[in-house]
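Enquirer: What follows is a predicted structure for the sequence shown.
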Amino acid sequence: MELRPSCEQCDRDLPPESPDARICTYECTFCVDCVRDVLAGVCPNCGGNFERRPVRPPAQLAKHPASTTRVLRT
């Protein structure tokens with residue numbers, strides 16, 4: 001899992017431990033506010049639903065760091 005660093009809609013920071021990150025089956029990443037208020041719970045990229053992104057334990061995060069690549073919808 002990539003653990004993308006930001007919301008693809010509003011570019012809000014979503015660090016690996018964030019409880020506000022939501023992902024679809026393809027790991028498109030959005031904040032909880034955009035999923036609820038803008039996207040109505042439907043991924044604009046694949047049409048799927050969202051789930052809360054799991055939090056990687058710190059020891060595993062050290063071995064397998066989160067992505068630093070920001071993705072924005074255009």
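Expert: Sure thing, it's come through. This structure is a prediction, so every number in the text was calculated from the model and none was measured.
Enquirer: For the rest of this, base every contact and every neighbour count on C-alpha atoms.
Expert: Will do.
Enquirer: And what about Arg36, helix, strand or coil?
Expert: Under DSSP: H, G, I helix; E, B strand; the rest coil, Arg36 falls in the helix class.
Enquirer: Counting neighbours, what do you get for it?
Expert: Arg36 has 12 neighbouring residues, counting by other Cα atoms under 10 Å.
Enquirer: Over to Thr29?
Expert: Neighbours of Thr29 under the rule other Cα under 10 Å: 29.
Enquirer: phi, psi of the residue nearest to it when sequence neighbours are not counted?
Expert: What sits nearest to Thr29 in space, not counting adjacent residues and going by Cα to Cα, 6 or more residues apart in numbering, is Ile23, at 4.7 Å. Backbone torsions of Ile23, given as degrees, to the nearest 10, read phi -130, psi 160.
Enquirer: With Ala59 instead?
Expert: Backbone torsions of Ala59, given as degrees, to the nearest 10, read phi -60, psi -40.
Enquirer: same question, Leu61
Expert: According to degrees, to the nearest 10, Leu61 has phi -60, psi -40.
Enquirer: residues contacting it?
Expert: Applying Cα atoms under 8 Å, 6 or more residues apart in numbering to Leu61 gives no contacts.
Enquirer: just to confirm, which helix or strand has Arg22 in it?
Expert: If you go by DSSP states H and E, Arg22 is part of strand 21-23.
Enquirer: Okay, now the sheet partners of that strand, with direction.
Expert: Next to strand 21-23 in the sheet, as set by DSSP bridges, lie strand 29-31 (antiparallel), strand 51-52 (antiparallel).
Enquirer: Mean pLDDT for those - can I get that in CSV?
Expert: Formatted as CSV, the strands paired with strand 21-23 follow (pLDDT from 0 to 100):
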stretch, mean pLDDT
strand 29-31, 98
strand 51-52, 98
